[in-house]
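J.: Sharing a model that was predicted from the sequence below.
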Amino acid sequence: MLADETRNPSEQKASRRALIRGALGAGGALLAASHSPLRGGVTLSSGAGRKVLAKPLPQQSAVRTLVDRITCGFNYSEWQRAEALGYAAYLEEQLHPDQIMDGAAQAMVNALPSLNMTAQQLMNTYFGMTNDDDPQRELKSAVLIRQVYSKRQLFERMVEFWTDHFNIDHNKTEDQYLKTVDDREVIREHALGHFPDLLKASAHSAAMLFYLDNVVNVAGTAQENYARELLELHTLGLEGAPFDEDDVKVVARCLTGWTMHSPSVSPPGLPGMYGEFRYVQANHDIQAPKVFLGQPILAPYDQSDGDQVLDMIVTHRATAEHISRKMIAWLLTETPNDTLVQRVADVYDNTNGSIKAMIRAIFQPSNPGAALVAARPKFRRPQHLIVSLLRSLELTVTDWTHIGTALSALGQRPFDWPAPNGYPDGVGAWGSSLLPRWGIASRLIDDTIPTVTVSDAQLQMVLQNTGAPTLLGAIDQLLSGGRLSPQDLAPIQAHVDSFPTVTPAVVREALALAASAPSYQLY
Amino acid sequence: MTSSKNTHLNRRQFVAGSLATLTAMPMVARAGGSFSGTTPDALIVLFMRGGMDGLTLCPRHLEDDLINARPNIAVPKPGMGSSTIDLDGEFAFPVEATDLMTPWMNNHLAVVHAVGSPDPTHSHFEAFERMEFGIPLQPLGSQSTGWLARHLQDTSAVGNGLLRAINVDTKMSKTLAGSPATLPIPDLSDFDLEGNPMTAAQRKLVLAAMHGDEPAPVGPAGLDSIAAIDLLKTIDFDTFAMTHGGAYPPTPLGSGLLQTAALLEAAESDPTLAPDAVMLELGGWDAHIAASFATTMSNIVELSMALKAFYNNTVSLNRTVTVVVMSEFGRRVQENQSLGVDHGAGNAMLLMGRGVNGGLVHSDWPGLVAPDLEARWDYRDILSEVLQLRMGNTNLGNVFPGGYVPTFRGVTV
């Protein structure tokens, strides 16, 4: 981990910049300008009746880092609350979402009627109606509402992780309804539970079985779509994969007959409600032998074949390592340290795949470099960028469709990724598409998106709340807790200084430019 | 990447700063595959994500083996009462690919068959990584740049080098990872700085200053984006769409190729605009079951319509345009019980343009032996031939590392 840190982009940048500063000298003048007092039309004194920090918090505190790692986007007040609780207590609080009061966010999602319906109710209510896209729209909105407003931030962050890990595309016909059930009963039910339970719930989820075509996987020439991704993406992984093509084929055979109740795939007249799991022995491959990973699948060949496969893969070390590596990559860094992967995989093995225990291990302060990753090693995905801005600036959103549309243009609207590997998470995929980021930052902060509003007074209040004496200092505190690069802030300061008066419009431009800064794209 | 770095604005230029500095950035100039005689072709790469079924796009009908392996879903053989189009007495296009006959009849479309990667994986995601990074048999992680990116690193720009390649997408593909002066742009006609127009020029300078010293990919991408705003603004995409758009499918692939055609036409009168490469994608080829196999058929319609329209718009340009259609692998010979086809190996590629040895199916046909069509030819052979003979790259060992020596198959003229 320590070795990885020295290679992270921010550190490289710091050293390159040091060289350039030394060579040029001009940067120093700009740097000094960034701390010039605020002037003009916006007052940022501490007299607004809001509590103001007595002293600046240490900018590299472990708590500050933890807030970046386990929330869906930095929020200044949340950071202060976390500092007051302390590292361990904040982490434990977030690991127990059921004990966190979350009335405001829950009230907002309760206004979305489709979220709590069964698949049958969704079909009855929406199929063939003019509002038949409500379930999709409401579920996409709920993702954003929860990420922005829920107090259960780590929970929502893990929901996003598992949503990608067990990706299901809303655009695949029946999944526009079925995903609502999967989101509620698979992903959210087990997001901080035990991985084996999560996997088994997913393997019985109509949304997944439909998405990866297992609903029509029947004896004969078995069809491999779900079986392959179950092994490759969901469990064992490709790193040193212990399975081969024969294993894929036998798992496909073991899962024949695993389907759902739906007029599209099953004969009518059978008992059961739409979207419930269903096993059809008549469609099951009963041919002997079945050997998976060198072990015989035990007769009598029936639904238990699939259960045996699932039991074998959730206890396989390759699964422990694959899930550990992905969780570390999600929570900490794109380049997980092998020692830490092994440590977290040991925890998986020793706790029956407890996701909470694995997260504790990942954020163990004694992990060299783990929780204390000083630099922000990860590049925000578009959703992370937009959610972060909404959380920091506390914008008012009355209809989430416009945010969804903006996310679509940036390439990351929830549940729209077609392939089973989930949206990519890395600077390689996202780091070259910057103009759309600058654009959405402008539009959000300039108050030009219908249904997403922010008043001058609101911006002034959240900036003032940081207690920082300068505009750029306040912007830095508000957006990042003081972690924007001085080299990014300097040209913004120069921009501000070029106006005779710091009007609210200038403040908005400065905020949008800060949100466009390279150092803001990292977390 | 290193080649482009020197051309990027640094802090000194900002401090010295006016917008003029920005637009007057020096052009990319690099030694490497010198190409004398004529202008390198514009290379258009269409990646078919999900495993395109080459046995449906271009079935071989000389024998009954395909019909026997796929009794329910095989393309009908050409002949009496069939709308399948015979190409050469041996191979055919399904009726869905009728639009491909326009370039085919002009000998500007070639099919390369039983071609693919020697990598044995049947995983989409491993196959993407290996094919796009150009490391079919090398260790994963041994390259983090794409084959097309390395080609562009090793060759000089045809235009002014400010925007050498475009990934028509919201994200950068692995094929173009690390490519100099290359951006993902989903809509070329909508690429401008938002916010107050009165302050736009000054905000560009601020953004340039913030990105000037930033490492790749973010720093160069920031500067390239600022430069691309002014470059793309000179092209009237809307008028081109009004006059030419009707022939393209109303899909992201269609609009992407339409805009690419507009860019190539604009570059005829202003050669500084000329791109070296454009990459587009079409997904939805993962035809495991009957319903998704239907998408394969509609994809073939969409692809064929888009290629025909693009061909008609670009065949008469002074600069030759070469299109390569490729996918990560083909599909299984036999249909499955869900009336789809699972992941296979060998596949078909398409090549289109005046520089293509067209009107031919190029193949060393290995026979249709289950489970997978053998990839008798290596996809690197085909791409290498295009890169060397149509685009003047003589440093193919860097594009496809590991000591691979390609065999040219005569697919170009």
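T.: Noted; the coordinates are in hand. Numbers count the residues shown, from 1 in each chain, chains lettered A, B, ... in the order given.
J.: who's in contact with residue 75?
T.: All of this is about chain A. Contacts for residue A:75 (C-beta atoms under 8 Å, 6 or more residues apart in numbering or on different chains) come out as A:391-392, A:394. For glycine as for every other residue, the C-beta is placed from the backbone atoms N, C-alpha and C.
J.: Please refer instead to chain B.
T.: B:56, B:59, B:66, B:84, B:92, B:94.
J.: Those residues in strands, which ones?
T.: residue B:92 (DSSP state E).
J.: which non-adjacent residue is nearest residue 403?
T.: You didn't pick a chain, so chain A it is. Nearest residue to residue A:403, sequence neighbours excluded (C-beta to C-beta, 6 or more residues apart in numbering or on different chains): residue A:144, at 5.8 Å.
J.: my question was about chain B
T.: Residue B:403 sits nearest to residue B:397 (C-beta to C-beta, 6+ apart), 7.3 Å away.
J.: Distance of that neighbour relative to chain A?
T.: Distance of residue B:397 to chain A, computed by C-beta to the nearest C-beta, to the nearest Å: 24 Å.
J.: thought that residue was touching residue B:387?
T.: No: between residue B:397 and residue B:387 there is no contact under C-beta atoms under 8 Å: 11.6 Å.
J.: quick one, which of the two is more surrounded?
T.: residue B:387 (30 against 14; other C-beta atoms under 10 Å in any protein chain shown).
J.: Strands of chain B, start to end?
T.: B:42-48, B:85-86, B:92-93, B:109-116, B:165-167, B:182-184, B:277-282, B:321-327, B:347-352, B:360-363, B:377-378.
J.: of those strands, which approaches chain A most closely?
T.: Nearest to chain A, of all the strands of chain B, is strand B:182-184, at 4.7 Å by C-beta to the nearest C-beta.
J.: so who does the residue of chain B found nearest chain A touch?
T.: Nearest residue of chain B to chain A: residue B:170, at 2.7 Å (C-beta to the nearest C-beta). Applying C-beta under 8 Å, 6+ apart to residue B:170 gives the contacts A:409-412, A:433, A:436, B:184, B:186.
J.: Buried subset of those, written for PyMOL?
T.: In PyMOL syntax, the buried subset of those is picked out as below (16 or more other C-beta atoms under 10 Å in any protein chain shown):
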select buried, (chain A and resi 409+410+411+412+433+436) or (chain B and resi 184+186)
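J.: re earlier: mind listing which of the contacts of residue A:75 are in helices?
T.: A:391-392 (DSSP state H).
J.: and of the contacts of residue A:75, the nearest to chain B?
T.: Distances from chain B to these, taken by C-beta to the nearest C-beta, are shortest for residue A:392, at 18.5 Å.
J.: close enough to count as contact, the closest one and residue A:459?
T.: No: under the criterion of C-beta under 8 Å, residue A:392 is not in contact with residue A:459, lying 10.7 Å apart.
J.: could I get the strands of chain B as JSON lines with distance to residue A:112 and mean pLDDT?
T.: As requested, those are exported to JSON lines (distance: least, C-beta to C-beta, whole Å; pLDDT from 0 to 100):
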{"stretch": "strand B:42-48", "distance to residue A:112": "37", "mean pLDDT": "98"}
{"stretch": "strand B:85-86", "distance to residue A:112": "51", "mean pLDDT": "98"}
{"stretch": "strand B:92-93", "distance to residue A:112": "48", "mean pLDDT": "98"}
{"stretch": "strand B:109-116", "distance to residue A:112": "47", "mean pLDDT": "98"}
{"stretch": "strand B:165-167", "distance to residue A:112": "36", "mean pLDDT": "98"}
{"stretch": "strand B:182-184", "distance to residue A:112": "33", "mean pLDDT": "98"}
{"stretch": "strand B:277-282", "distance to residue A:112": "33", "mean pLDDT": "98"}
{"stretch": "strand B:321-327", "distance to residue A:112": "39", "mean pLDDT": "98"}
{"stretch": "strand B:347-352", "distance to residue A:112": "44", "mean pLDDT": "98"}
{"stretch": "strand B:360-363", "distance to residue A:112": "54", "mean pLDDT": "98"}
{"stretch": "strand B:377-378", "distance to residue A:112": "52", "mean pLDDT": "98"}
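J.: Could you provide the ones you listed in CSV, with additional columns for distance to residue B:306?
T.: Shown next, in CSV, are the strands of chain B (distance: least, C-beta to C-beta, whole Å):
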stretch, distance to residue B:306
strand B:42-48, 8
strand B:85-86, 18
strand B:92-93, 15
strand B:109-116, 13
strand B:165-167, 16
strand B:182-184, 19
strand B:277-282, 8
strand B:321-327, 10
strand B:347-352, 11
strand B:360-363, 21
strand B:377-378, 25
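J.: circling back to that earlier point, can you list the contacts of residue B:75 in CSV and add neighbour count and distance to chain A?
T.: Converted to CSV, the contacts of residue B:75 look like this (neighbours: other C-beta atoms under 10 Å in any protein chain shown; distance: C-beta to the nearest C-beta, whole Å):
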residue, neighbour count, distance to chain A
B:56, 27, 17
B:59, 24, 19
B:66, 22, 16
B:84, 18, 25
B:92, 24, 25
B:94, 24, 22
